[in-house]
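> coordinates only, sequence not included:
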Ligand SMILES: [Zn+2]
């Protein structure tokens, strides 16, 4: 059995909230970053509860993505100024 248990969603109250990994898109300086975010996601309303451990799972990835974006922006600004 590897079905994770289903819980009541704190947002819509439906019993459709379970721990799963969902692809979500965040924005950093208007550039989208897609990460596989584990958390308690609701199948009904799409809202999710992301705990400390779940957040840690994506922190490193997000950090490196942000650095990459900062690098790109610095580079393009430099380029445009010329
Ligand atoms: Zn819900």
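Good, I have the coordinates. Not measured: the values here are computed from a predicted model.
> which secondary structure elements does the helix or strand of the chain with the lowest mean pLDDT contact?
Across the helices and strands of the chain, mean confidence by mean pLDDT, DSSP states H and E is lowest for helix 52-81: a mean of 86. When contacts are defined as 3 or more Cβ pairs under 8 Å, 6 or more residues apart in numbering; DSSP states H and E, helix 52-81 packs onto strand 17-28, strand 31-42. Heads up, the C-betas are built off the backbone N, CA and C, glycines and all.
> when you compare where it runs with where strand 17-28 runs, what's the angle?
Counting by axes from the mean of the first three to the mean of the last three Cα atoms, to 10 degrees, helix 52-81 points 20 degrees away from the direction of strand 17-28.
> Pull the number of nearby residues for residue 30.
Each residue near residue 30 was counted by other Cβ atoms under 10 Å, and the total is 6.
> The helices and strands packed on helix 52-81: which one's closest to the ion?
The ion lies closest to strand 31-42 among these, at 3.1 Å (Cβ to the ion).
> for the closest one, packing partners?
strand 17-28, strand 48-49, helix 52-81.
> List the buried residues of that strand.
Across strand 31-42, burial judged by 16 or more other Cβ atoms under 10 Å covers 33, 35, 37-42.
> and if you look at stretch 14-34?
17-19, 33.
> So which residues on this structure come close to the ion?
Neighbours of the ion within the chain, by Cβ under 5 Å from the ion: 9, 11-12, 42, 44-45.
> List only those of those flagged as buried.
9, 42.
> ok, which pair from the residues of the chain next to the ion is furthest apart?
11 and 44 (8.7 Å; Cβ to Cβ).
> The residues of the chain next to the ion in strands, which ones?
Filtering the residues of the chain next to the ion for membership in strands, criterion DSSP state E, returns residue 42.
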